[in-house]
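# let me see the structure of the following:
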Amino acid sequence: MTYAPCERAGNAPTDDPGDLATKYNIVEIFHSVQGEGFHNGIPHVFIRFGRCNLRCEWCDTNFDEYESMNALDILGEVMKYPSKRIIFTGGEPMLNDLWPLSRLLKRRGYHLSIESNGTVEIPEGMLDWICISPKDQVYPNITIKQRTGDELKCVYVGQPLSLYDDLVAGFRHHFLQPCYDEHASVEENGRAFAITEAVVKEHTTWRLSLQTHKWMGIL
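Below is the predicted model:
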């Protein structure tokens, strides 16, 4: 069955009206370069979802403030930008049913990535790139349910890397990222960077990830 095309959604004739009407809690949608991890420096459109099941003290997102948007309106925002790469982030994006939005975006030729804390299993085939950033260094009682993906990116706050011994085999790329505190001084953050760099030099299967977008003062 086919449906009437909608200009605002890119005139795709096979969109399901139910997909277009699906509601999501959205903090913001913006176009920027990825500032960390494997795709550092590559332009993406970021879709930041509201709500999270964790509350990490270093989180730089107010995920409790969001607006309800349907997928049609999200498409209208995304297609304002030239990039064909999308990052689902949050909050925790996997608290949403991402299938409807993913189907709509994939039909329009977008490459879909996610940044997730891994506490919700990600359906196979829904996304092109999975980045898991586990938070069990501060939430030791949580269970990491998504144990495979493309990128494992861990915020370093002094935890032993043996914490990830049972997890690293499921991921192709392993990143250790200094904990950047927006309220700390340049010297304090500099010490955190130096400590993380030293740890990476001693554990050569890991790569250093830096939040370069924060240094540049961009989103």
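# and the strands in the chain?
23-33, 43-49, 67-70, 85-89, 111-116, 129-132, 149-156, 171-178, 207-208 (DSSP state E).
# surely G90 meets L54?
No: counting by Cβ atoms under 8 Å, G90 sits too far from L54 to count as a contact (10.0 Å). Heads up, the C-betas are built off the backbone N, CA and C, glycines and all.
# more neighbours: the two, which one.
A direct count of neighbours by other Cβ atoms under 10 Å for G90 and L54 places G90 higher, at 25 against 15.
# would you enumerate the residues in contact with the nearest residue to that one once chain neighbours are set aside?
Computed as Cβ to Cβ, 6 or more residues apart in numbering, the closest residue to G90 that is not its neighbour in sequence is F49, at 4.5 Å. Each residue near F49 by Cβ atoms under 8 Å, 6 or more residues apart in numbering is listed here: 24-27, 63, 66, 88-93, 95-96.
# any idea how far E92 is from F49?
7 Å (Cβ to Cβ, to the nearest Å).
# now do the shared contacts for those two.
F63.
# what is the longest helix of the protein by residue count?
Using DSSP state H to define each element, the chain has its longest helix at helix 186-202.
# next, the angle from that one to strand 149-156.
Angle, helix 186-202 to strand 149-156, by axes from the mean of the first three to the mean of the last three Cα atoms, to 10 degrees: 130 degrees.
# residue contacts, the residue nearest the centre of the chain?
Centroid-nearest residue in the chain: E115, 2.2 Å away (criterion: Cα atoms, centre = their mean). E115 makes contacts with I87, F88, T89, G90, P93, C131, S133, K153, as judged by Cβ under 8 Å, 6+ apart.
# what about it, distance to F49?
10 Å.
# tell me how far the ends of stretch 133-151 are from each other?
Chord length of stretch 133-151, first to last residue, is 8 Å (Cα to Cα, to the nearest Å).
# could you check the pLDDT of the closest residue to D136 other than its chain neighbours?
Of all residues not flanking D136 in the chain, I142 sits nearest, at 5.7 Å (Cβ to Cβ, 6+ apart). Per-residue pLDDT puts I142 at 89.
# residues contacting I142?
L54, T119, K135, D136.
# so how do I select the buried members of these in ChimeraX?
Buried residues within these, by 16 or more other Cβ atoms under 10 Å, are selected in ChimeraX with:
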select :119,135,136
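# what about the contacts of I142, which are in helices?
Going by DSSP H, the helices hold none of the contacts of I142.
# JSON lines please, covering the contacts of I142 and showing pLDDT and distance to L72.
JSON lines is the format used below for the contacts of I142 (pLDDT from 0 to 100; distance: Cβ to Cβ, whole Å):
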{"residue": "L54", "pLDDT": "84", "distance to L72": "30"}
{"residue": "T119", "pLDDT": "95", "distance to L72": "29"}
{"residue": "K135", "pLDDT": "89", "distance to L72": "33"}
{"residue": "D136", "pLDDT": "82", "distance to L72": "37"}
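# and which of the contacts of I142 is nearest to F38?
Of all these, K135 has the smallest distance to F38: 19.3 Å, by Cβ to Cβ.
# show me where pLDDT drops low in this structure?
1-13, 58, 181-184, 189, 212-219 (pLDDT under 70).
# let's see that with 90 instead.
With pLDDT under 90 as the threshold, the chain has low-confidence stretches at 1-14, 52-65, 135-142, 179-193, 210-219.
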